[in-house]
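Chemist: Prediction below, plus the sequence it came from.
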Amino acid sequence: MQVPILKQGPYLIATIQSALTDADMIELRDALVERVGSNRSQGVIIDVTALDVMDSFATGTLQDVAHMVRLRGAETVIVGIQPDVAFAMVHMGLNLEGVATSLDLEEGLAYLDRSTNAATGR
Amino acid sequence: MATTEIQEDTKKLAPDSTSVLLRELVAHLGQNRTQLREEWVRRISEARLLTTMTKDEIFAEATSVYDSYVEALETRTFEALQAYAQNLSERIIPRGVETHEVVGIVLLLRDVLARSLFAKYQTDRALLGRVLDAYEPAANAIAITVSVGFVRERERIIREQQEAIRELSTPVLQVRERLLILPIIGLIDPHRARQLTEQLLRGIRANRAKVVVIDITGVAAMDASVANHLVLTVESARLLGARVIVTGLSPEIAQTLVNIGVDLGKMNTVGDLQGGIEEAERLLGYKVVLITEMSTT
């Protein structure tokens, strides 16, 4: 199941629409890392609004995406984590350490604008 | 003379002797209602029970309890007694009547009636024995029904009060655009902590909050598990894109947090609520400027 990845100016937006298998997650990770390079993107937004469960594999893979994407010069932000999901995640010790998070797409874009402006000193 | 009469009676009525005896008891208790009830009320005040009620109230309740007691002995069913016990409890609990008083008065009534039976049947030990065999199980069941009814009612009231307290005490308040305050007052137990977190997360999403100030000035102490829960609350708020500032930590709570090894880098704390709000405003890009002094004339 392929996750659609859209280009929005200097950013890539990946919207997860249903539960993903482990293989799907790996595919998403690789696709994002690849396209950050080919599009010369400055930021990646991964929207998980539709997920009502986040397990350790998903969390770990999202952290991998953020690290790999940063190595390629871009910032990642995860948006749309649901209250119940957030509650369950922290109770399992999955707190997405080191990965930026925002409430929703709008906030995620604002975050990326701020951080890329800061980076380029504009 | 009297002894022979009683022996004759019971010989005749032997087949279903328990219910026959009970009927005889009930008749006796009914006939001697006035003095037995007075004796009971006297014993109640001697034992200094029901001190929060007036003499008239005690007399009125004593009459109802006595009659229900005798009726339960007679019918050997307890529904009416249970209903009465619940009704009585609803009325006397707000008056401050305690469990030991209710158990005490029921046992006193049991004693008063038992003594009266001893007095009546003392000349015939065997008959007295049978009378008690009939009376005791019924009297004990009555004592249990009334006491348990009272205790259940108390528990129900306590549960209701706890629920009301919980609802009252976890407001999530928006004080500026994107800024929420969660003032916590009183004891936090794990259940309440969980409720707070859920309410906070929902509030963050509904108000699109970017900063939350959790003020715990009103919390005297928290144990390690609740402190841990606070840390988890801060982490889960971050997953929804909100920063949390904790204000008003008492020295005790600060000590607890240090003892459980909380990573203080993860928790943003400020001494008091005012400081916390100022920090939150700063984070959100607000600047508060005094334009003119407010005139009080």
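Modeler: Okay, I see it.

Chemist: ranges for the helices of the chain?
Modeler: Here I'm looking at chain A. A:22-39, A:56-71, A:83-91, A:105-120 (DSSP state H).

Chemist: Not quite, go with chain B.
Modeler: Using DSSP H, helices in chain B cover B:2-12, B:17-31, B:33-46, B:55-75, B:79-92, B:99-121, B:125-168, B:190-207, B:224-239, B:251-259, B:273-284.

Chemist: Pick the most deeply packed of the ones you listed.
Modeler: helix B:224-239 (a mean of 21; mean count of other C-beta atoms under 10 Å in any protein chain shown). For every residue, glycine as well, the C-beta is placed using N, CA and C.

Chemist: counting contacts, what elements does that one pack onto?
Modeler: When contacts are defined as 3 or more C-beta pairs under 8 Å, 6 or more residues apart in numbering or on different chains; DSSP states H and E, helix B:224-239 packs onto helix A:83-91, helix B:190-207, strand B:211-218, strand B:243-247, helix B:251-259.

Chemist: right, is the shortest one up against chain A?
Modeler: Read it as strand B:243-247. No. Strand B:243-247 stays clear of chain A (C-beta under 8 Å from any C-beta of the partner chain), getting no nearer than 10.9 Å.

Chemist: who's in contact with the residue of the stretch 1-150 of chain B found nearest chain A?
Modeler: Taking C-beta to the nearest C-beta, chain A has its nearest neighbour within the stretch 1-150 of chain B at residue B:93, 37.6 Å off. Going by C-beta atoms under 8 Å, 6 or more residues apart in numbering or on different chains, residue B:93 touches B:150, B:153-154, B:157.

Chemist: quick check, nearest of those residues to chain A?
Modeler: In terms of C-beta to the nearest C-beta, no member of the contacts of residue B:93 lies closer to chain A than residue B:157, at 31.5 Å.

Chemist: Wait, residue B:128 touches residue B:114, no?
Modeler: No. If you go by C-beta atoms under 8 Å, residue B:128 and residue B:114 don't touch, sitting 10.5 Å apart.

Chemist: With mean pLDDT as added columns, please give the helices of chain A in JSON lines.
Modeler: Formatted as JSON lines, the helices of chain A follow (pLDDT from 0 to 100):
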{"stretch": "helix A:22-39", "mean pLDDT": "94"}
{"stretch": "helix A:56-71", "mean pLDDT": "94"}
{"stretch": "helix A:83-91", "mean pLDDT": "93"}
{"stretch": "helix A:105-120", "mean pLDDT": "88"}
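
Chemist: can you put these in TSV and add distance to chain B and mean neighbour count?
Modeler: Putting the helices of chain A into TSV (distance: least, C-beta to the nearest C-beta, whole Å; neighbours: other C-beta atoms under 10 Å in any protein chain shown) gives the following:
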stretch	distance to chain B	mean neighbour count
helix A:22-39	18	16
helix A:56-71	10	17
helix A:83-91	4	20
helix A:105-120	5	16
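
Chemist: With distance to residue B:89 added, can I get the ones you listed in CSV?
Modeler: Shown next, in CSV, are these (distance: least, C-beta to C-beta, whole Å):
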stretch, distance to residue B:89
helix A:22-39, 59
helix A:56-71, 52
helix A:83-91, 39
helix A:105-120, 54
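
Chemist: Residue A:102 pairs with what?
Modeler: Counting by DSSP bridges, residue A:102 is bridged to residue A:79.

Chemist: Mind listing the residues bridging to the residue most central in space within chain A?
Modeler: Nearest to the geometric centre of chain A sits residue A:46, at 3.1 Å (C-alpha atoms, centre = their mean). For residue A:46, the beta-bridge partners under DSSP bridges are residue A:14, residue A:78.

Chemist: Tabulate the helices of chain B (JSON lines), appending mean pLDDT and distance to residue A:56.
Modeler: Shown next, in JSON lines, are the helices of chain B (pLDDT from 0 to 100; distance: least, C-beta to C-beta, whole Å):
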{"stretch": "helix B:2-12", "mean pLDDT": "42", "distance to residue A:56": "79"}
{"stretch": "helix B:17-31", "mean pLDDT": "83", "distance to residue A:56": "68"}
{"stretch": "helix B:33-46", "mean pLDDT": "90", "distance to residue A:56": "66"}
{"stretch": "helix B:55-75", "mean pLDDT": "85", "distance to residue A:56": "62"}
{"stretch": "helix B:79-92", "mean pLDDT": "85", "distance to residue A:56": "51"}
{"stretch": "helix B:99-121", "mean pLDDT": "90", "distance to residue A:56": "50"}
{"stretch": "helix B:125-168", "mean pLDDT": "86", "distance to residue A:56": "33"}
{"stretch": "helix B:190-207", "mean pLDDT": "90", "distance to residue A:56": "21"}
{"stretch": "helix B:224-239", "mean pLDDT": "89", "distance to residue A:56": "15"}
{"stretch": "helix B:251-259", "mean pLDDT": "86", "distance to residue A:56": "27"}
{"stretch": "helix B:273-284", "mean pLDDT": "93", "distance to residue A:56": "31"}
